[in-house]
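Q: Have a look at this prediction, sequence included:
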Amino acid sequence: MQQELTLQDTMEGVARIIIDELRLEDVTPQTFDPDLDLIDEVGVDSMDLATVALVLQDEYGISIDEDDYPKLKSLRLIAEYVLSHAPVKS
C-alpha cells in the first residue's frame, strides 16, 4: 500500500527536482527556503518553470495547466499544488 504524501515529503521531492533542473548550487532540500520567490528572488524564467513543471508532471503523475505556471512561485506553493492535484491513492 502506498503511503499518502505529506507536505514535508512533497517539499523535499520538489526541492530536489528544482535544485537538479535549475542547477542550483549550495542548496539542499533541507536548506531550501520553502517561501523563497523563485521568480523574483532566484530569477527563474518561464522556460525554467516549464521544464520543472514537466518533470513534476512525470514524477507525480499530475497535470499542470500552463495557465497555473505563474502560481508556482515558491517551493511551498509548488508542493501544495502537487498535493492538491495528485491522484488519489486507494
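A: That came in fine, so what should we check first? Numbering: from 1, shown residues only.
Q: And Leu22, how far from Val42?
A: 8 Å (C-beta to C-beta, to the nearest Å). In short, each C-beta sits where N, CA and C put it, glycine included.
Q: same check, this time on Leu77
A: 13 Å.
Q: same thing with Ala86?
A: As defined by C-beta to C-beta, Ala86 lies at a distance of 25 Å from Val42.
Q: low-confidence ranges in the protein?
A: In the predicted model of the chain, residues 1-3, 89-90 satisfy pLDDT under 70.
Q: Buried residues in the host helix or strand of Ile19, which are they?
A: Assessed by DSSP states H and E, Ile19 sits inside helix 7-22. Across helix 7-22, burial judged by 16 or more other C-beta atoms under 10 Å covers Thr10, Met11, Glu12, Gly13, Val14, Ala15, Ile17, Ile18, Ile19, Glu21, Leu22.
Q: got these as TSV, with distance to Gln30 columns?
A: Listed next are the buried residues of helix 7-22 as TSV, based on distance: C-beta to C-beta, whole Å:
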residue	distance to Gln30
Thr10	14
Met11	10
Glu12	8
Gly13	13
Val14	13
Ala15	8
Ile17	15
Ile18	14
Ile19	11
Glu21	18
Leu22	17
